[in-house]
Each structure stands twice: as C-alpha cells, then as structure tokens.
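Novice: coordinates only, sequence not included:
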C-alpha cells in the first residue's frame with residue numbers, strides 16, 4: 001500500500017479553496033492533473049456525499065477508467081472519495097482549514113493499493129506517486145492563486 005499526505009498554504013479563503021477542490025472537483029480536476037481526460041458524475045448533479053462517477057485517465061501510455069464514490073462531503077471543509085479501476089484501489093481526501101480570512105491550509109491525503117501481481121510493483125511506484133501528488137498540490141495552489 002502506498003500512502004502520502006501533502007499540505008500547502010493557499011492565499012485564498014477556505015470557502016474559495018473548497019469550491020475548487022470539493023464542490024467543483026469534476027470540472028477542475030483536469031486543470032490540476034494533466035493525466036485526467038474526462039471526469040463525470042453519473043448521473044450529473046452537484047457534488048455530495050454518496051455521489052458516484054467515473055474518471056478516465058491516461059497513464060503510462062494506457063487509458064484507464066476508474067469508478068469513484070464520494071465518501072465524505074462537508075461543504076467548506078472536507079471532501080473524500082474512493083476509486084477503483086483495474087488493479088488499483090485509491091482513496092483520497094481533501095481537507096481545507098481557514099488560517100485567516102484570505103489564507104487557508106489544504107491537506108491532501110492519498111492511499112493507493114494495487115491488486116494481483118501489480119502489488120509487487122508498489123515499492124517501486126511509491127516515489128513516483130508521492131512526486132505526482134506533490135506536483136498536483138503545487139498546481140492546485142498555483143491555479144487558485146492565479
């Protein structure tokens with residue numbers, strides 16, 4: 001299992017940060033993660049606890065589709081989901097805390113579990129996964145503060 005947590009201070013209100021990473025996750029995810037081709041809720045509607053959807057990603061020259069379900073949604077502060085596709089099971093959580101009226105802390109935590117023979121690859125993949133999520137966190141900050 002691969003786990004990683006990253007934290008960043010964003011110079012924007014907690015409400016605005018949460019709108020980008022939580023409420024408007026489906027619309028914004030491709031903007032901060034270049035591997036995302038097409039996320040969507042099924043059926044379409046607002047992000048909420050229990051919402052389900054799918055996301056198509058290009059990874060390592062392959063296109064993969066993941067099913068996801070929102071497991072936590074607290075407007076303004078927390079958003080989490082679990083996803084699965086192929087041999088991958090992933091959980092991710094986004095927590096936003098106000099530091100001041102115009103500054104927030106964003107915590108992103110991810111756990112990735114590989115199945116089958118891919119489980120043997122986890123130790124070799126861990127560094128790349130951590131590097132990728134650090135880059136994603138930096139891009140979220142850049143995007144919000146732009």
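Specialist: Nice, thanks for sending it over. The model shown is predicted, which means the values in this text are computed figures rather than measured ones.
Novice: buried stuff in the helix or strand of the chain with the lowest mean pLDDT?
Specialist: Within the chain, no helix or strand scores below helix 122-145, which has a mean of 90 by mean pLDDT, DSSP states H and E. By neighbour count, and taking 16 or more other Cβ atoms under 10 Å as the criterion, the buried residues in helix 122-145 are 129-130, 132-133, 136-137, 140-141, 144. Any C-beta I mention is one placed from the backbone N, CA and C, and that applies to glycine too.
Novice: any chance of those residues in a markdown table, plus distance to residue 95?
Specialist: Formatted as a markdown table, those follow (distance: Cβ to Cβ, whole Å):
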| residue | distance to residue 95 |
| --- | --- |
| 129 | 19 |
| 130 | 18 |
| 132 | 19 |
| 133 | 14 |
| 136 | 15 |
| 137 | 12 |
| 140 | 13 |
| 141 | 15 |
| 144 | 15 |
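Novice: tell me the contacts of residue 21?
Specialist: Neighbouring residues of residue 21 by Cβ atoms under 8 Å, 6 or more residues apart in numbering: 28, 79, 94, 96, 106, 140.
Novice: helix, strand or coil for it?
Specialist: Secondary structure, DSSP: H, G, I helix; E, B strand; the rest coil: residue 21 is helix.
Novice: measure it to residue 145 for me?
Specialist: Shown here: residue 21 relative to residue 145, a distance of 13 Å by Cβ to Cβ, to the nearest Å.
Novice: And the pLDDT for the spatially most central residue of the chain?
Specialist: Within the chain, the residue whose C-alpha comes closest to the C-alpha centroid is residue 92; the distance, by Cα atoms, centre = their mean, is 5.6 Å. Each residue has a pLDDT score; the one for residue 92 is 96.
Novice: Bridge partners for it, pull those for me.
Specialist: Residue 92 has these beta-bridge partners by DSSP bridges: residue 81, residue 110.
Novice: need the helices for this protein, in chain order.
Specialist: Along the chain, counting by DSSP state H, helices occupy 14-18, 25-32, 122-145.
Novice: And the ones you listed: which comes nearest residue 6?
Specialist: Ranking the helices of the chain by proximity to residue 6 (Cβ to Cβ) places helix 122-145 first, at 4.5 Å.
Novice: Now residue 23: closest residue in space, sequence neighbours ignored.
Specialist: Counting by Cβ to Cβ, 6 or more residues apart in numbering, residue 23 lies nearest to residue 47, which is 5.5 Å off, once chain neighbours are set aside.
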